[in-house]
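Colleague: Attaching a predicted model along with its sequence, questions to come.
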Amino acid sequence: MTSDASDRFLDQANEQMGAVERLIKGLPGVQGYVEKEARRDADKRLRLYIANTLGEVHSRLLRGQQELLDNSGLKDIDRMDSALRRLQTLIDRIKTASYGYAGFFDTVRVKDEQLKALHRFDVALAQQAAGLGATADALIQAIKNNEAVREGIAKLSDEIGDLDALFAKRGEAVVSPDLLLNDEQLPDVDPALLTTDQEG
């Protein structure tokens, strides 16, 4: 890797970490889920926050799609369109998720381990949403440079799929809170990001 490429990679990693930290500041935090009456509101705020973040990414990608059309005609437009549709479907799913009388919301007293585990899912969502934003920006730059566009779209699609799977797993844990006690079910996150415990 050249020095310039290495510097760009480091800058992108730092920007992504900053984006994750900014996102986490808007999450409910463990305290937001402690009181039974507040849990649904905390969950809704979390979902809208992540969905709005992804909506901004979607808007940037739409502008990138227009540039792709201007630069390359119809080449790769179908792939880009497919990725955008998948992202919009995920945004809609996150916004409108309904868990009915899910176990996590109905239990009067939730164990500390379960609260921390759900927060871990929330941080992982923020982490992946920030990563998706960075990937989208890299793709837009690739479109401007007219290089590695197809690879960039493939990476974006993979990350949308990963985020979709993570959100589905979080939904399963909300419905069946005992899954929150199973370490194998929990997402990997940077431990330093879990120290934030802002009030919900």
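Modeller: Received it, and whenever you're ready, just let me know what you need.

Colleague: okay, now Ala134: neighbour count?
Modeller: Number of residues near Ala134 (other Cβ atoms under 10 Å) recorded here: 18. Yep, even glycine has a C-beta here, placed from its N, CA and C like the rest.

Colleague: again, but for Thr107
Modeller: 13.

Colleague: residues touching it, list them.
Modeller: Thr107 makes contact with 36, 177, according to Cβ atoms under 8 Å, 6 or more residues apart in numbering.

Colleague: Name the residue closest to the centre of this structure, please.
Modeller: Closest to where the C-alpha atoms of the chain average out (Cα atoms, centre = their mean) is Ala129, at 2.7 Å.

Colleague: residues in contact with that one?
Modeller: Ala129 makes contact with 23, 50, 53-54, 57, 163, according to Cβ under 8 Å, 6+ apart.

Colleague: quick check, nearest of those residues to Ile140?
Modeller: Ile140 lies nearest to Val57 out of the contacts of Ala129, by Cβ to Cβ, at 10.2 Å.

Colleague: wait, what's in contact with that closest one?
Modeller: Taking Cβ under 8 Å, 6+ apart, we find Val57 in contact with 87, 129, 132-133, 136.

Colleague: In a markdown table: these, plus secondary structure, distance to Val108 and pLDDT.
Modeller: What follows is the contacts of Val57, written out as a markdown table (DSSP: H, G, I helix; E, B strand; the rest coil; distance: Cβ to Cβ, whole Å; pLDDT from 0 to 100):
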| residue | secondary structure | distance to Val108 | pLDDT |
| --- | --- | --- | --- |
| Leu87 | helix | 37 | 98 |
| Ala129 | helix | 31 | 94 |
| Leu132 | helix | 36 | 95 |
| Gly133 | helix | 38 | 94 |
| Ala136 | helix | 42 | 95 |
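
Colleague: Can I have the buried ones of the residues you listed as a PyMOL selection?
Modeller: The PyMOL selection below is limited to those of the contacts of Val57 classed as buried (16 or more other Cβ atoms under 10 Å):
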select buried, resi 87+129+132+133+136
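
Colleague: Leu139 reaches Glu67, doesn't it?
Modeller: No - using Cβ atoms under 8 Å, Leu139 makes no contact with Glu67, being 10.6 Å away.

Colleague: Mind checking which of these two has more residues around it?
Modeller: Set Leu139 next to Glu67 and count neighbours by other Cβ under 10 Å: Leu139 wins out with 25 against 14.

Colleague: which residues sit in contact with that one?
Modeller: Contact analysis of Leu139 by Cβ under 8 Å, 6+ apart lists 61, 64, 149, 152-153, 155-156.

Colleague: From the chain's centroid, how far away is the longest helix belonging to the chain?
Modeller: Longest helix of the chain, by residue count under DSSP state H: helix 36-72. In terms of Cα atoms, centre = their mean, to the nearest Å, the gap separating the centre of helix 36-72 from the centre of its chain is 9 Å.
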